[in-house]
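A.B. asks: Generate coordinates for the sequence data below:
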Amino acid sequence: MTSKGCRLMSENLKITRASKNDSELVFLLTKELMAHHKMLNVFTMSISKLEMLIENDCIKSYIAYSNNELIGILNFFYMYTTFTGEKILYIEDLYVKEQYRGSGAGKSFLDCVKEIAKENHCEKIELKCAQWNTASGKFYEKIGFVPDKEWITYTLDKSKF
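C.D. replies: Sure thing, here's the model as predicted:
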C-alpha cells in the first residue's frame, strides 16, 4: 500500500485515492454520512469547494468499491501536536454504506490509513465517534482504538467570534 492508493483488498474490494475528478462521488457519500448523523442542517460543503480541498491536498480522500460499485469513503487530513512536534493523521469521515457494513470495507480503510500513517511518520491516528453511535465505537475499539477519557472536545461555533 502507498499513500497514492491502497492495494486490492480482496477480489471484490478495492480502495483508491480520490482525485479532484472524483469530488462529486466523495461529496455524495460525505453528504450521505451527514444525513446518517442528522447533520444536513450544518453541511454547507459544495462540490467545487471539496474539489479544491482535494486538489490542494488539504483533504485526502479514498473511495472503496465492491464489484465496481461505490460503497464507502474515507476523508482525512494531518495536524501537528506541540507535545512532540509530530504529525497526527485525523480521520474526519469514515463511511461505509449500510448494506456493506460488516463486509470488511471499514477494516480495510483503517488498514490502509495505518499504512499511510506509518509511511508519513505520524505519531498517532485520531477520529471522533458520536456517542450515540455505539456500533461504530465497538468497531473502532475492536481495531485497537481507545476512547479518550482524559480530554473532552470543546468547540466554539463561528457565530461566537
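A.B. asks: low-scoring stretches of this structure, by residue?
C.D. replies: 1-11 (pLDDT under 70).
A.B. asks: can you give me the strands for the protein?
C.D. replies: Counting by DSSP state E, the chain has strands at residues 5-8, 13-17, 60-66, 69-80, 87-96, 122-127.
A.B. asks: Show me what the fourth one is packed against.
C.D. replies: Think strand 69-80. In this structure, strand 69-80 makes packing contacts with helix 23-36, strand 60-66, strand 87-96, helix 105-119, judged by 3 or more C-beta pairs under 8 Å, 6 or more residues apart in numbering; DSSP states H and E. Where you see a C-beta, it was placed from the backbone N, CA and C, and this is true even at glycine.
A.B. asks: quick check: angle from the last one to strand 122-127?
C.D. replies: Counting by axes from the mean of the first three to the mean of the last three C-alpha atoms, to 10 degrees, helix 105-119 lies at 150 degrees to strand 122-127.
A.B. asks: Now do the buried residues in helix 105-119.
C.D. replies: 105-106, 108-114, 116-117 (16 or more other C-beta atoms under 10 Å).
A.B. asks: do the first one as well
C.D. replies: Of the residues in helix 23-36, 23, 26-27, 29-30, 33-34 count as buried by neighbour count, 16+ other C-beta under 10 Å.
A.B. asks: Just the C-alphas of it, formatted as CSV.
C.D. replies: Taking C-alpha atoms only, helix 23-36 is exported to CSV below (Å, rounded to 0.1, in the frame of the first residue of the first chain):
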residue,chain,number,x,y,z
SER,A,23,-15.1,15.1,-6.0
GLU,A,24,-18.7,14.5,-6.9
LEU,A,25,-18.6,10.9,-5.6
VAL,A,26,-16.8,11.9,-2.4
PHE,A,27,-19.3,14.7,-2.0
LEU,A,28,-22.3,12.4,-2.4
LEU,A,29,-21.1,9.9,0.1
THR,A,30,-20.0,12.6,2.6
LYS,A,31,-23.5,14.1,2.3
GLU,A,32,-24.9,10.6,2.9
LEU,A,33,-22.8,10.3,6.0
MET,A,34,-24.1,13.8,7.2
ALA,A,35,-27.7,12.6,6.7
HIS,A,36,-26.9,9.4,8.7
